[in-house]
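J.: sequence first, predicted model second:
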Amino acid sequence: MSHTQNVQGIYLLFLLQPMFNNMKTYFAHTFLHGRPCSRQQECAETCRASSNRKNLNNPYLQHSHQPQTGRVCVCVLHASVGGVICPSPVEYSALQAVCVCHLYVWHPFIRFCFFPSTVRELVVSAGENVEVTLPRNEVELNAFVVSTPPPGTNYAFDWRLITHPKDYSGEMEGKRSKTLKLSKLTVGLYEFEVMVGGQGAHGEGYVNVTVKPELRVNKPPVAVVSPKFQEISLPTSSTVIDGSQSTDDDKVVAWHWEEVKGPLREEKVSTDTPVLTLTNLVHGNYTFFLTVTDSDGATNSTQATLLVNKAKDYRPVANAGPNQVLQLPRNSITLYGNQSTDDHDSLSYEWSLSPESKDKVVEMQGVRKPILQLSAMQEGDYTFQLTVTDSAGQQETAQVTVIVQPENNKPPVADAGPEKELTLPVDRTTLDGGKSSDDQKIDTYHWKQTKGPDGVKIENADGAVATVTGLQVGTYEFTLTVTDERKLQSADAVTVIVREELDQPPVAHVVSSPPITLPVRTGTLDGSHSTDDKGVSYLWTRDDSSPAAGEVLNNSDHQAVLFLGNLVAGKYSFTLTVTDSKGQTSTDGGTVEVKPDIWERDLVELVLEVSVSQVSRRQRDMLLRQVGVLLGVLDSDIIVREISAFNEHSTRLVFLVSGGPGRPPLSGRSVALSLRNKLRKQKNDFLIYKARRVDTVICQLNCSSHGECDSFTRSCVCQPFWMENFIRAQLGDAESNCEWSVLYVTIASFMIVVAIATVVWGMVCCCNRRKSKVRRSKSRYKMLEADEQDSLELQPPRAARLKPVPAPTSSALMRSDSDLDSEDGQGGVPWTEQERGHLLRPQNGFLRNGQGPVRAKKQREELL
């Protein structure tokens, strides 16, 4: 049959996959129903129906197209990649004339099988489900087909295992036959499928095989206790009995302990644990009953026996100590029985003479105590017996022998000590005979002078150690005589040589320190090289020409090395006086030169409003960092020379600003001005502490070259005839100066005062003239009455006042025409100033209009 024929039938799909070591295994995935189709939807439905019927999940749908046959539906199950139908030779399948077309894919290749569409459905039965129980593990399955195959043909059978237990190890025999034999089955469920095919016919059948575990006949558990019997003795009052070793064919699920016998106690033991723990046991016999229960409820019991004995009281052990030996005249000794022992530490003691020593004379003290004192013993052997008794009345004895030997006295050996040599003024020494010895005991000592000048006094002459005083130049010999208790004597002599003193005066030598440069303020002077044969004392004194500043540290002015601190620039001179034990002295001088700080003019002083005790290291670093920000330098470029108290509420910080490697520091004056200006702009709130003053350490005001800077007040002291420009000092850079000359300031001040006075006087004059103009403009005139005119004419004229008056120039003066005419008739003779003044006065005086004065008419008025 050609694979290009367009027919309906059943397709069998095989997937060939490579396995381990490139081995290839065929996996039959499923039988699928297929037919030619014209739409993809029909193909998908056919594939889905086949997979559902076979209980297969997630089929892969491959839709292929053949130009000659149309569309063919192909369902590929569990294939990771797809393939296409390709022309290839037709192969013959093991199942009745089946055409096979090869499909090539990425990894494996798929075989596609086709059955003719005339296949008829067979009714296949694999029999009833089978159940077997171990140890039976073999089963035979038979397939039955309702219809018989056509003559001359047979059906083909194919058995497949669909489901099985997880770890099964069974074997199948006759997978291609009608009968399938199973062997070596394990417990679990097996599901088999048999496919039957023949000429134009096909069918399937299913059967389950259930293998049950072997039936178990329960055996009762076996209770086991360990140990079965045990014995303990007080004071041990606890133990354990192990029941966890009880066994069962399945499982022991419960243990129960019960005390069935035992001494009278408050509580009996009853617990449900595998191991029985017993505590607080008392003397007696105990019997415990253990009952164990298995998973089927079967029980078994056993018992354990425990014997608790009383605490065993052992006999005490007496120990009277080792044997002793005495030699007369020593006749006393101490015996120690405190090494006797008992297990309960409660013993009573009794000392006595043994029967063989009953006739001996001895004094015994403490016979009922552990320690026995013996005295007044005589020559012979003494045996003493110690009896110890414990709290249970048990006794034990021990003996000790004391042998008193007769006296064997030897004379003592005197030792007056080694020879001595003294040098005046030392005129006394000690004589030591403590190394004298005797086999028994030295009873007396006696010192006496046997040679040498007189006048020597021996103190404690009858003692082992004597003192000799009043020695003079010469050689002395002193003899020591020792006597033991048996009056045996021995003597020894010692020589004491007293020499005249040969004292050399000391030699003072001072090693000056090299010059130091501020800000280093400490220095040393070394006088340790001074020498003397006896030893010296030191005293350092400062010369009057040395600076008064500076301190001696640690009271070193009485030591070999002088330490100085808080030094200032200058040359310090010190004199070292060394004195020996005889009062002889020697002197030497030394200097410490302190040079000024080469960067003294570059030091800047910053006074802060904070107590110096409140400034920590961290705050100091923060302050330097802030100052560096204001100056535009790194905080590492700011070198702090000093931090000290300015007063009790402020701190003085002295520093300079480095100019860089190999370069001098920045000018102190420029740094101070820059920092002062920056702080003024920042309103003094930038720093962590308020700055009270910023200035150079050395006052560097040039005072306009007309004065000197006062380092205390930080202001200029001007030379005579010079003074400060207070305008610049108050409104300018606020720096003290001596810019103004006193002479020029005086002249300028006088000129300013004159100018101000002139301006004031001119203003006053102008005001006065303005007021007079106002009064003239208010004058009034009137016509003279007839009687007034007559009176004027009767008055005689005054010659002195009849001088001609020039015409007034003031336009403010008002006159009548008759007055002008009369003046013209005078011939133009000018008036005097006095007369002009009279003319300028108001004609009516200070009276109001219409009021006539009650007074005589003046001549001027008559003339008018």
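T.: Looks like it came in fine.
J.: which stretches in the stretch 501-650 of the chain count as helices?
T.: Listed in chain order, the helices of the stretch 501-650 of the chain (DSSP state H, counting those that start in this stretch) span 617-631.
J.: low pLDDT regions in this protein?
T.: Within the chain, the ranges that satisfy pLDDT under 70 run 1-119, 503, 533, 683-684, 732-734, 773-864.
J.: so which residue is dead centre in it?
T.: residue 618 (16.9 Å; Cα atoms, centre = their mean).
J.: list the contacts of that one.
T.: By Cβ atoms under 8 Å, 6 or more residues apart in numbering, no residues touch residue 618. Backbone N, C-alpha and C define where each C-beta goes, glycine included.
J.: again, but for residue 343
T.: 312-314.
J.: which strands and helices sit next to the helix or strand containing residue 749?
T.: Using DSSP states H and E, residue 749 maps to helix 742-776. Identification of packing neighbours for helix 742-776 by 3 or more Cβ pairs under 8 Å, 6 or more residues apart in numbering; DSSP states H and E yields strand 722-723.
J.: which element follows the strand it packs on toward the C-terminus?
T.: Immediately after strand 722-723, counting by DSSP H and E, sits helix 726-731.
J.: buried residues, that following helix. List them.
T.: Neighbour-count burial for helix 726-731 flags 728-729 (criterion: 16 or more other Cβ atoms under 10 Å).
J.: elements contacting that helix?
T.: Using 3+ Cβ pairs under 8 Å, 6+ apart, helix 726-731 is in contact with no helix or strand.
J.: before we move on, back to that, would you reformat the contacts of residue 343 as JSON lines and include secondary structure?
T.: Shown next, in JSON lines, are the contacts of residue 343 (DSSP: H, G, I helix; E, B strand; the rest coil):
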{"residue": "312", "secondary structure": "coil"}
{"residue": "313", "secondary structure": "coil"}
{"residue": "314", "secondary structure": "coil"}
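J.: in a markdown table: those, plus distance to residue 562.
T.: Putting the contacts of residue 343 into a markdown table (distance: Cβ to Cβ, whole Å) gives the following:
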| residue | distance to residue 562 |
| --- | --- |
| 312 | 83 |
| 313 | 82 |
| 314 | 80 |
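J.: from those residues, list the buried ones, please.
T.: Using 16+ other Cβ under 10 Å, no member of those is buried.
J.: tell me which of those residues is nearest to residue 188?
T.: Nearest to residue 188 among the contacts of residue 343, counting by Cβ to Cβ, is residue 312 at 65.5 Å.
J.: give the contact list for that closest one.
T.: Here residue 312 is in contact with 233, 343 (Cβ under 8 Å, 6+ apart).
J.: what pairs with the closest residue to residue 702 other than its chain neighbours across the strands?
T.: The shortest distance from residue 702 to any non-neighbouring residue, by Cβ to Cβ, 6 or more residues apart in numbering, is to residue 709 (7.9 Å). On the basis of DSSP bridges, residue 709 takes part in beta bridges with residue 716.
J.: can you count the residues close to the closest residue to residue 310 other than its chain neighbours?
T.: Leaving aside its sequence neighbours, residue 310 sits nearest to residue 283 (Cβ to Cβ, 6+ apart; 4.9 Å). Around residue 283 there are 13 other residues, counting by other Cβ atoms under 10 Å.
J.: from residue 235, how far off is the residue nearest to residue 234 when sequence neighbours are not counted?
T.: Counting by Cβ to Cβ, 6+ apart, residue 311 is the residue found nearest to residue 234 once chain neighbours are left out, at 4.1 Å. For residue 311, the distance to residue 235 equals 6 Å [Cβ to Cβ, to the nearest Å].
J.: cool, residue 713 as well?
T.: Distance from residue 713 to residue 235, by Cβ to Cβ: 96 Å.
J.: go on, residue 164?
T.: For residue 164, the distance to residue 235 - Cβ to Cβ - is 67 Å.
J.: the two: who's more crowded?
T.: Per other Cβ under 10 Å, whichever of residue 164 and residue 235 has more neighbours is residue 164, with 16 against 6.
J.: looking at it, residue 497 is touching residue 422, isn't it?
T.: Yes. Between residue 497 and residue 422 there is a contact under Cβ atoms under 8 Å: 7.0 Å.
J.: and the helices in the chain, which stretches?
T.: Applying DSSP state H to the chain gives helices spanning 40-53, 617-631, 668-681, 726-731, 742-776, 786-794, 817-824, 833-840, 859-863.
J.: list the buried ones in the second one?
T.: Judged by neighbour count using 16+ other Cβ under 10 Å, the buried positions of helix 617-631 are 623-624, 626-628, 630-631.
J.: CA atoms of that helix as CSV?
T.: The C-alpha trace of helix 617-631 is given here as CSV (Å, rounded to 0.1, in the frame of the first residue of the first chain):
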residue,chain,number,x,y,z
ARG,A,617,39.9,66.5,70.4
ARG,A,618,37.0,65.9,68.0
GLN,A,619,35.8,69.5,68.4
ARG,A,620,39.3,70.8,67.8
ASP,A,621,39.5,68.9,64.5
MET,A,622,36.1,70.2,63.5
LEU,A,623,37.2,73.8,64.3
LEU,A,624,40.4,73.4,62.3
ARG,A,625,38.3,72.0,59.4
GLN,A,626,36.0,75.1,59.6
VAL,A,627,39.0,77.5,59.7
GLY,A,628,40.5,75.7,56.7
VAL,A,629,37.2,76.2,54.8
LEU,A,630,37.2,79.9,55.6
LEU,A,631,40.9,80.3,54.5
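J.: how near is residue 441 to residue 407?
T.: Separation of residue 441 from residue 407 (Cβ to Cβ): 12 Å.
J.: distance of residue 257 from residue 282?
T.: For residue 257, the distance to residue 282 - Cβ to Cβ - is 18 Å.
J.: and for residue 690?
T.: 87 Å.
J.: now do residue 511
T.: 91 Å.
J.: cool, and residue 496?
T.: The gap separating residue 496 from residue 282 is 84 Å, by Cβ to Cβ.
J.: more crowded one of these two?
T.: residue 496 (21 against 13).
J.: with adjacent residues omitted, what lies nearest to the more buried one?
T.: Of all residues not flanking residue 496 in the chain, residue 476 sits nearest, at 4.3 Å (Cβ to Cβ, 6+ apart).
J.: doesn't residue 499 make contact with that neighbour?
T.: No. Between residue 476 and residue 499 there is no contact under Cβ under 8 Å: 12.0 Å.
J.: of those two, who's got more company?
T.: Comparing residue 476 with residue 499 by other Cβ under 10 Å, the one with more neighbours is residue 476, at 21 against 13.
J.: touching, residue 254 and residue 292? I think so.
T.: Yes. With contact defined as Cβ under 8 Å, residue 254 and residue 292 form a contacting pair (6.8 Å).
J.: and those two? Which one has more around it.
T.: Set side by side, residue 254 and residue 292 show more neighbours around residue 292, with 26 against 14, by other Cβ under 10 Å.
J.: which strand residues bridge the more buried one?
T.: Under DSSP bridges, the beta-bridge partners of residue 292 are residue 255, residue 300.
J.: look up how far residue 299 lies from it.
T.: For residue 292, the distance to residue 299 equals 7 Å [Cβ to Cβ].
J.: need the residues touching each of those two.
T.: Counting by Cβ under 8 Å, 6+ apart, the residues touching both residue 292 and residue 299 are residue 221.
J.: what sits against the residue lying closest to residue 600 once chain neighbours are set aside?
T.: Closest residue in space to residue 600, ignoring its immediate chain neighbours: residue 698 at 5.7 Å, by Cβ to Cβ, 6+ apart. Contact analysis of residue 698 by Cβ under 8 Å, 6+ apart lists 600-601, 603, 668, 711.
J.: do residue 224 as well
T.: Taking Cβ under 8 Å, 6+ apart, one finds 243, 245-247, 302 in contact with residue 224.
J.: phi, psi of it?
T.: Phi and psi for residue 224, reported as degrees, to the nearest 10, are phi -130, psi 130.
J.: list the contacts of residue 294.
T.: So residue 294 contacts 218, 220-221, 248-253 (Cβ under 8 Å, 6+ apart).
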